[in-house]
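*Asks:* Structure of the sequence below:
(one chain, ligands or ions: 2)
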Amino acid sequence: MTSSAHSAVYPLKAIQRPVPRVLSIAGSDPSGGAGIQADLKSIAANGGYGMAAITALTVQNTQGVTAVHVPPVEFLRQQLDAISDDITVDAVKIGMLGDATVIAEVRRWLGEVRPAVVVLDPVMIATSGDRLLAESAEAALRQLLPLADLVTPNLPELAMLLGEPEASDWTTALEQGKRLAAACGNTVLVKGGHLQGASCPDALVNTGGLLSQDVVEIPGLRVETRNSHGTGCSLSSAMATAKARLGDWESALRVVKPWLQEALAQSAVLDVGKGNGPVHHFHAYQHSLRPGDFAVRMWEAAQTELAAIYGLDFIQGLQSGGLDEGQFTYYLAQDALYLNGYSRVLARASALAPSEAEQLFWARGSQMCLEVESELHRNWLNGRQASGERGPVTKAYVDHLMAASASGSYPVLLAAILPCYWLYAEVGQQLHHGYLESGASAEHPYAEWLRTYADEEFAEATRKAIDITDAAAQAASPAERTAMMEAFSGSCRYETAFFDAPRLHG
Ligand SMILES: Nc1ncnc2c1ncn2[C@@H]1O[C@H](COP(=O)(O)OP(=O)(O)OP(=O)(O)O)[C@@H](O)[C@H]1O
Ligand SMILES: Cc1ncc(CO)c(N)n1
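*Replies:* Numbering: from 1, shown residues only. Ligands and ions are numbered 1, 2, ... in the order given. Model prediction:
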């Protein structure tokens, strides 16, 4: 491709760093919702590598700030220098500064390092109404504004920086934003968080021609929630990160605004604190599965069926030895028929498997089924009076497996296959265990059969089948996972019905 063709594809956007290195210079909120704790989460959630130089320690939770400690400013200098001596900082977000000595130190560092992106959140008063900047430091903060590329005041802070009354409507807020932007020569992000009403817009304001127009407004709906602790911190650090990643403020706000709206909307999930709780920075990740998660979900779904299985006359009779011989024969004969169909379904899983290891695993399983089938005929059904016809449950179960196989989805097929391994291994282990507990009498009429349940090779194959299915679920789409749970639960119900079939149809 020629370079002109390239610039035709990307006429406006300079894609910058894939993972920008973003520094937050801010205060600590031990409850994790605001300050550097919020910044680090916000930076990570928006694709950056987060760093933090701490200006001040607060004692606060979701109900308010009760104390502030500003460590000696020399220590902040050491933190800042340690970072910039070693690391290229792609973007900086500045939050709580505490007092004028801290502001002077940050000003010195900015002058020396000149980071490419500087976002200043002029934190003065917390959501709870507590002061986070000494009153005597307000003039110093005003003088720091021109060193930032983007300033993100809330409406009370915007008014205070201008020395005007607080705006109570959006038009007035935008006018104030223009005055501040003109005075500081940079871009102001005017935030609608403190407005009344159903809408909650934000706007980028620049009077120097830096934006596509003087005011770029991104509309938004107000989320009905008390959990707005740290929204300002989260927004400003997200903007620093997105600017470094995407190259311009407008693109940054277009991705950050809906992200923050969703973080507010999903904040209740966190259930943190009795006051104004934090937002859910990682809401986008909550649907992703970690290894083992899906196996746990399947296991939970199987519990009702397992309980039903243990309650069956067939299982109790097998355990006690009181099971009718004819029912046992029916069960064995149906098992042989079932295994033939199951073998074909495992062969299909082998054909769909994404790796040779899994292909081999299911192919071995398929072969094993046929071996067990002929073993049933040779050793167990030999000499017994059994019909060679598939009973209704056997037929329905195999049809269910065939349908999963016909779906063409490997994860769905595995979910349908799994209960035959898992529930059988589980029930078999319980029965064998019960047999040993009761003294392992050789007189037990089904002693020999109960001993087959102690097969460690089958237990090992079951563990592997669970792992493979769990991994397939991780790679599957949400819709496929829903289909997996359906297929899995369906097979669990057939496992129960299969043990109950001798009583009904034998
Ligand atoms: N209820 C809400 N619904 C949707 N967006 C909101 C809501 N409250 C705040 N926001 C958004 O959150 C961001 C921060 O706005 P806000 O004006 O609340 O800042 P702030 O007062 O500095 O925040 P903080 O609570 O951290 O001090 C803005 O993008 C704003 O639009
Ligand atoms: C440390 C800290 N910074 C900023 C804010 C503003 O929300 C806060 N509450 N705490």
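*Asks:* Please give the per-domain residue ranges for this protein, including any split domains.
*Replies:* Split into domains by automatic domain parsing, the chain comes to 20-285, 293-505.
*Asks:* With respect to burial, which of the ones you listed scores highest?
*Replies:* Highest mean neighbour count of the domains of the chain: domain 20-285, a mean of 20 (counted as mean count of other Cβ atoms under 10 Å). C-beta: built from backbone N, CA, C; applies to glycine.
*Asks:* Now do the end-to-end distance for that one.
*Replies:* 20 Å (Cα to Cα, to the nearest Å).
*Asks:* average model confidence for it?
*Replies:* The predicted model assigns domain 20-285 a mean pLDDT of 96.
*Asks:* Residue numbers of the stretch 401-506 of the chain in contact with ligand 2?
*Replies:* Taking Cβ under 6 Å from any ligand atom as the contact definition, the stretch 401-506 of the chain does not meet ligand 2 anywhere.
*Asks:* Quick one: low-confidence residue ranges for the stretch 401-506 of the chain.
*Replies:* By pLDDT under 70, the stretch 401-506 of the chain contains no weakly predicted segment.
*Asks:* residue in it nearest to ligand 1?
*Replies:* Pro478 (25.6 Å; Cβ to the nearest ligand atom).
*Asks:* wait, doesn't Phe499 sit right on Asp313?
*Replies:* No - applying Cβ atoms under 8 Å, one finds Phe499 not in contact with Asp313, separated by 9.4 Å.
*Asks:* Show the pLDDT at the residue of the chain most remote from its centre.
*Replies:* The centre of the chain is farthest from one residue, Gly383, which by Cα atoms, centre = their mean lies 57.3 Å away. We have a pLDDT of 81 for Gly383.
*Asks:* For the residue of the stretch 351-500 of the chain found nearest ligand 2, give me its contacts.
*Replies:* Nearest residue of the stretch 351-500 of the chain to ligand 2: Pro478, at 34.4 Å (Cβ to the nearest ligand atom). By Cβ atoms under 8 Å, 6 or more residues apart in numbering, the contact set of Pro478 is His287.
*Asks:* Kindly list the main-chain dihedrals of it?
*Replies:* Per-residue torsions, Pro478: phi -50, psi -40 (degrees, to the nearest 10).
*Asks:* For the helix or strand hosting Thr496, what is the distance to the chain centroid?
*Replies:* Using DSSP states H and E, Thr496 falls within helix 478-505. Averaging C-alpha positions (Cα atoms, centre = their mean, to the nearest Å) puts helix 478-505 29 Å from its chain's average.
*Asks:* now swap in stretch 295-302 and tell me
*Replies:* The answer for stretch 295-302 is 19 Å, by Cα atoms, centre = their mean.
*Asks:* Now that stretch: average pLDDT?
*Replies:* Rounded mean pLDDT across stretch 295-302 is 94.
*Asks:* For that stretch, C-alpha coordinates in PDB please.
*Replies:* In PDB, the C-alpha atoms belonging to stretch 295-302 read as follows (Å, rounded to 0.1, in the frame of the first residue of the first chain):
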ATOM      1  CA  ALA A 295     -17.400 -25.900  35.200                       C
ATOM      2  CA  VAL A 296     -18.700 -24.500  38.600                       C
ATOM      3  CA  ARG A 297     -21.900 -23.200  36.900                       C
ATOM      4  CA  MET A 298     -22.500 -26.600  35.200                       C
ATOM      5  CA  TRP A 299     -21.900 -28.400  38.500                       C
ATOM      6  CA  GLU A 300     -24.400 -26.200  40.300                       C
ATOM      7  CA  ALA A 301     -26.900 -26.800  37.500                       C
ATOM      8  CA  ALA A 302     -26.400 -30.600  37.900                       C
END
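*Asks:* hmm, who's touching it?
*Replies:* Residues contacting stretch 295-302 (Cβ under 8 Å, 6+ apart): 415, 418-419, 422-423, 466-467, 469-470, 485, 488-489, 492.
*Asks:* Pick out the most distant pair among the residues you listed.
*Replies:* Asp467 and Ser489 (19.9 Å; Cβ to Cβ).
*Asks:* quick one, what contacts Gly365?
*Replies:* Taking Cβ under 8 Å, 6+ apart as the criterion, Gly365 is in contact with 346, 349, 461, 465.
*Asks:* quick one: it from Ile417, how far?
*Replies:* 9 Å (Cβ to Cβ, to the nearest Å).
*Asks:* list residues touching both of these two?
*Replies:* 346, 349, 465.
*Asks:* The last one reaches Ile417, doesn't it?
*Replies:* Yes - using Cβ under 8 Å, Ala465 is in contact with Ile417, at 7.2 Å.
*Asks:* Report the angle between the helix or strand harbouring Leu431 and helix 478-505.
*Replies:* For Leu431, the host element (DSSP H and E) is helix 410-437. With axes from the mean of the first three to the mean of the last three Cα atoms, to 10 degrees as the basis, helix 410-437 and helix 478-505 are set at 40 degrees to each other.
*Asks:* Which residues of the protein lie near ligand 1?
*Replies:* Checking the chain against ligand 1 by Cβ under 6 Å from any ligand atom, the hits are 34, 127, 154, 191-194, 200, 202, 220, 222-223, 228, 230-233, 235, 260-261, 264.
*Asks:* List the contacts of the closest residue in space to Gln60 that isn't next to it in sequence.
*Replies:* Spatial nearest neighbour of Gln60, chain neighbours left out: Asp29 (5.5 Å); criterion: Cβ to Cβ, 6 or more residues apart in numbering. With contacts defined as Cβ under 8 Å, 6+ apart, Asp29 is in contact with 35-38, 58, 60, 230.
*Asks:* Next: Ser350.
*Replies:* So Ser350 contacts 358-363, 366 (Cβ under 8 Å, 6+ apart).
*Asks:* if I look at it, how far off is ligand 1?
*Replies:* 51 Å (Cβ to the nearest ligand atom, to the nearest Å).
*Asks:* in what helix or strand does that residue lie?
*Replies:* helix 325-352.
*Asks:* repeat for Ala67
*Replies:* With DSSP H and E as criterion, Ala67 is part of strand 64-69.
*Asks:* quick one: contacts of that strand?
*Replies:* Counting by Cβ under 8 Å, 6+ apart, 27, 56-60, 98, 126, 128-130, 132, 275 sit against strand 64-69.
*Asks:* Near ligand 2, list only the ones from those.
*Replies:* 27, 58, 126, 132.
*Asks:* Most widely separated two among those residues?
*Replies:* Gly27 and Ala126 (9.8 Å).
*Asks:* Give me the common contacts of the two.
*Replies:* Joint contacts of Gly27 and Ala126 (Cβ under 8 Å, 6+ apart) are Leu132.
*Asks:* give me the element Ala472 is part of.
*Replies:* With DSSP H and E as the criterion, the answer for Ala472 is helix 456-475.
*Asks:* angle of that helix against helix 478-505?
*Replies:* 140 degrees.
*Asks:* between helix 456-475 and helix 325-352, how big is the angle?
*Replies:* 50 degrees.
*Asks:* wait, Asn46 sits on Ala238?
*Replies:* Yes - if you go by Cβ under 8 Å, Asn46 and Ala238 touch, sitting 4.7 Å apart.
*Asks:* Give the residues shared as contacts by the two.
*Replies:* Between them, Asn46 and Ala238 share the contacting residues 256, 259, judged by Cβ under 8 Å, 6+ apart.
*Asks:* Contacts only, for Thr394.
*Replies:* 334, 337-338, 341, 498, 501.
*Asks:* just those now: which is nearest Val269?
*Replies:* Closest to Val269, out of all of the contacts of Thr394 and judged by Cβ to Cβ, is Phe498, at 39.8 Å.
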